[in-house]
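Asks: when you get a sec, could you give me coordinates for this:
(chains A and B)
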Amino acid sequence: MTATQRANRALTLGERAAFLAEKSKEVRSRVLSMIYTAKSGHPGGALSAADIVTALYFDILRVDPANPRWPDRDRFLLSKGHACPVLYTCLAMRGYFALEHLDTLRQFESILQGHPIRKTPGIDMTTGSLGHGLSIGLGMALDGKLRGKDYTVYVMLGDGEINEGHVWEAAMAATKYKTDNLIAFVDRNRLQMDGCCDDIMPMGDIAAKFKAFGWKTFEIDGHDMERILRTIEKARRVRGKPACIVANTVKGKGVSYMEDRFEWHGKCPDTDQLACAMREIWGEDS
Amino acid sequence: MRPNAMTPATVPTRRAFSERMAEYGAIDSDFVVFEADIGYSTFSHLFGDRYPERYFNMGIAEGNMVSAAAGMAADGRTAVASSYGVFITMRALESVRTFVCYPDLNVKFLSSHGGFTPSIDGVTHQATEDIANMTTLPNMKVLVPADTWAAKKLFDVAMQTPGPVFVRLMRDPILDLYEPGDSFRLGGSHVVIEGSDVTIATYGDILFPSIEAAQLLAAEGIRAEVLDLYSVKPFDREGLLKSLDKTGALVVAENHQKRNGLGYELSNFCLKNRVVPFDNLGLEDTFAESGSYGKLLEKYGLSKTCIAEAAKRLLRRA
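Replies: Here you go, the predicted model:
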């Protein structure tokens, strides 16, 4: 446990949530700045996942930025890898690499590739081709079990991503091997690239599906920090089966003109839009 | 090696490889094996019987098996992912490419039923495009043992070689050529029969009809050199050039599509380095079919007679 985490543990849940809510503003604003600078990237799904990823990196994860491959670290896999600006931002803010790198997103020879790769400090595994992250996380969870390590593997899935049959292959195998050190999030923002999930491929009751595969499931508001923290702690106490947290979120959360608009899946804001987004995120008068 | 006194193999290469894998479990206590519900066919169960806690049957779901093996190997372990060639190299191809080869992880592939060696099973189970798919991937190395001893030694080579290694194995036992003492290495080859008129370069099961072809040719006064390119990627460039220095003609014979197989690779190499009369034998843009292995060798141009005829055509042209 890092010093920050020890300090955090002494705080009340409300204080931790308030700290994270404040952090998430910086995360969101840096996400949009880097996409603006790169003139390319995926803001919608980065913002819907931003609160959970912030909670992980600034409270939950047992990691050591000075030692990114520390064998006892918790693992995090952003299986919906296109949302990587939020991951890169959190890694930079935690000190895995200098903040200046955030301005190099998607550029030639940058350490921050268009989708996450293992060479970037703090990235546990290449992800972004959808549907593989849960399988990889399962492999890491099995590795931890076999080594007798107590780390937890967290995997963030998209609600469009789970159209991939591969996800459900991993879901059944995780139950077989009782990987209670594996926690999956489904970022349920209800939009995917071409439109509404329900129009493109209705997944119905996602929690019920995971439950039917033998998982312990939770369903939460993915922007409620207290709820996020409480639920992850509950999920970590589950024994004998993996846990899935279906997080109901809003695509583009925090920027009114992006919210719930599938067009912002992979679009870059212009200068005026960026300024407007910053005002909204920081709650300043326009 | 004993090309003139070969004995019938008692086990197929898939079994020999797995026997060695089971022994290796004691050498590396971190070593793990994944399989996809064909463990009694690939013989990976020989490992699983001894080390059940390090043996993962992921069910009939090869894509998940390979991605999970990548996750398992991400922090330093070596993992074998085992299945049939058609499933590893096609159904799980993206897992192999993006999550094993790109991060250059220590996942080795036990890939049985290479070429049309599962002859009677039909096309669904015949991996006749596996070499093309695997040699194309950066960081991937490709090995193909022809017999029992080669399968055991190439298991060791796969373990000693960093990063992903694909090992193509076959369904049925054929003959045993190599003997204890014959050594194998990444990028190596063996001159199985020495000759000076034409080089027959091959790998895996087609080594045997190639040897027989050389014997047929010898009866007609043509001295064919048979080169076992068991390391398909990287292949033995020096070994090939040395052989071509002697013979000046090359026939490549392989149980695979002609397109993008070893023959294509060697023709490209020869065009750049040593232009010689050249022919390659394999599937001519076609699928095979069910039938006995011997019938398929005849029909698809890989029998000893076909190989010998190709060599003679080449020498007439030269």
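Asks: flag every residue of chain B that's near chain A.
Replies: Residues of chain B lying near chain A by Cβ under 8 Å from any Cβ of the partner chain: B:32, B:53-54, B:56, B:58-59, B:61, B:63-64, B:67-75, B:77, B:94-95, B:98-99, B:102-103. Where you see a C-beta, it was placed from the backbone N, CA and C, and this is true even at glycine.
Asks: list the buried residues of stretch B:4-16.
Replies: By neighbour count on 16 or more other Cβ atoms under 10 Å in any protein chain shown, the buried set for stretch B:4-16 is B:6, B:9, B:11-16.
Asks: quick one: end-to-end distance for it.
Replies: In stretch B:4-16, first residue to last residue: 22 Å (Cα to Cα, to the nearest Å).
Asks: gap between that stretch and the chain center?
Replies: 15 Å (Cα atoms, centre = their mean, to the nearest Å).
Asks: just the strands in the stretch 101-250 of chain B please.
Replies: Here the stretch 101-250 of chain B has its strands, by DSSP state E, counting those that start in this stretch, at B:107-112, B:141-143, B:165-168, B:175-176, B:190-193, B:198-202, B:224-228, B:231-233, B:250-257.
Asks: Provide the strand pairings for the shortest one, with the direction of each partner.
Replies: In other words, strand B:175-176. Strand B:175-176 has its sheet partners listed here by DSSP bridges as strand B:7-8 (antiparallel).
Asks: need the helices for the chain, in chain order.
Replies: You didn't say which chain, so I picked chain A. Ranges of helices in chain A, per DSSP state H, are A:3-9, A:13-38, A:43-55, A:84-93, A:133-147, A:165-176, A:197-200, A:206-212, A:225-237, A:271-282.
Asks: my bad, the chain I had in mind was chain B
Replies: B:13-27, B:39-42, B:45-50, B:62-73, B:85-86, B:93-94, B:130-135, B:148-160, B:207-219, B:237-247, B:262-273, B:293-299, B:304-317.
Asks: closest one to chain A out of the buried residues of stretch B:4-16, please.
Replies: residue B:14 (23.8 Å; Cβ to the nearest Cβ).
Asks: how about the residue of chain A found nearest chain B, what does it touch?
Replies: Nearest residue of chain A to chain B: residue A:139, at 2.3 Å (Cβ to the nearest Cβ). Residue A:139 makes contact with B:67-74, according to Cβ atoms under 8 Å, 6 or more residues apart in numbering or on different chains.
Asks: next to chain B, which bits of the stretch 101-250 of chain A? Give me the list.
Replies: Neighbours of chain B within the stretch 101-250 of chain A, by Cβ under 8 Å from any Cβ: A:117-118, A:124-126, A:129, A:132, A:135-143, A:146, A:166, A:169-170, A:172-173, A:176-177.
Asks: hmm, back to that, ok, of the residues of chain B next to chain A, which come out buried?
Replies: Applying 16+ other Cβ under 10 Å to those flags B:32, B:54, B:56, B:58, B:61, B:63-64, B:67-75, B:77, B:94-95, B:98-99, B:102-103 as buried.
Asks: where are the low-confidence patches of the chain?
Replies: Just going to use chain A. Applying pLDDT under 70 to chain A flags residues A:1-9, A:285-286.
Asks: oops, I was thinking of chain B
Replies: Residues of chain B meeting the criterion pLDDT under 70: B:318.
Asks: count the neighbours of residue A:35 for me.
Replies: Other residues near residue A:35 come to 23 when the count uses other Cβ atoms under 10 Å in any protein chain shown.
Asks: and if you look at the one 3 residues further on?
Replies: As a burial measure, residue A:38 scores 19 neighbours (other Cβ under 10 Å).
Asks: can you tell me the closest non-neighbouring residue to it?
Replies: Excluding the flanking residues, the one nearest residue A:38 by Cβ to Cβ, 6 or more residues apart in numbering or on different chains is residue A:105, at 4.1 Å.
Asks: over to residue A:206?
Replies: Nearest non-adjacent residue to residue A:206, counting by Cβ to Cβ, 6+ apart: residue A:246, 5.1 Å away.
Asks: relative to residue A:252, how far out is the one you found?
Replies: 19 Å (Cβ to Cβ, to the nearest Å).
Asks: mind giving me the domain split of chain B?
Replies: Domain segmentation of chain B under automatic domain parsing yields B:10-176, B:190-317.
Asks: just the closest residue of the stretch 201-318 of chain B to chain A, please.
Replies: residue B:233 (22.1 Å).
Asks: next up, the contacts around that residue.
Replies: Going by Cβ under 8 Å, 6+ apart, residue B:233 touches B:134-135, B:140-142, B:265.
Asks: quick revisit: could I get the strands of the stretch 101-250 of chain B as a markdown table with distance to residue A:110?
Replies: As requested, the strands of the stretch 101-250 of chain B are exported to a markdown table (distance: least, Cβ to Cβ, whole Å):
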| stretch | distance to residue A:110 |
| --- | --- |
| strand B:107-112 | 27 |
| strand B:141-143 | 29 |
| strand B:165-168 | 31 |
| strand B:175-176 | 54 |
| strand B:190-193 | 46 |
| strand B:198-202 | 43 |
| strand B:224-228 | 45 |
| strand B:231-233 | 31 |
| strand B:250-257 | 39 |
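Asks: out of these, flag the one nearest residue B:274.
Replies: Closest approach to residue B:274 among those is made by strand B:250-257 (8.8 Å; Cβ to Cβ).
Asks: ok so, going back, burial measure for the residue nearest to residue A:38, as a count.
Replies: Residue A:105 has 25 nearby residues by other Cβ under 10 Å.
Asks: for it, phi and psi?
Replies: Main-chain dihedrals, residue A:105, degrees, to the nearest 10: phi -50, psi 130.
Asks: which residues sit in contact with it?
Replies: Counting by Cβ under 8 Å, 6+ apart, residue A:105 touches A:34-35, A:37-38, A:40-41, A:85, A:88, A:112.
Asks: quick check: the farthest pair among those?
Replies: Spatial extent of the contacts of residue A:105 (Cβ to Cβ) is set by the pair A:40 and A:88 at 13.6 Å.
Asks: from what I can see residue A:65 touches residue A:98, true?
Replies: No - using Cβ atoms under 8 Å, residue A:65 is not in contact with residue A:98, being 11.6 Å away.
Asks: have a look at the two and say which one is more surrounded.
Replies: residue A:65 (18 against 9).
Asks: and the gap between that one and residue B:54?
Replies: Distance of residue A:65 to residue B:54, given as Cβ to Cβ: 32 Å.
Asks: okay, how far is it across stretch A:34-52, tip to tip?
Replies: Length of stretch A:34-52, first residue to last, Cα to Cα: 19 Å.
Asks: and it, what's buried?
Replies: A:34-38, A:41-52.
Asks: who's in contact with the residue of chain B found nearest chain A?
Replies: Nearest residue of chain B to chain A (Cβ to the nearest Cβ) works out as residue B:71 at 2.3 Å. Contact partners of residue B:71, counting by Cβ under 8 Å, 6+ apart, are A:125, A:135-143.
Asks: farthest-apart pair in the residues you listed, please.
Replies: Pairwise distances across the contacts of residue B:71 (Cβ to Cβ) peak at 14.0 Å, for the pair A:125 and A:142.
Asks: so which of the contacts of residue B:71 is the most crowded?
Replies: Looking at these with neighbours defined as other Cβ under 10 Å, the largest count falls to residue A:139 at 35 neighbours.
Asks: what's the spacing between that residue and residue A:150?
Replies: Going from residue A:139 to residue A:150 by Cβ to Cβ gives 17 Å.
Asks: can you give me the offset of stretch A:223-236 from its chain's centre?
Replies: 14 Å.
Asks: alright, calling it a day.
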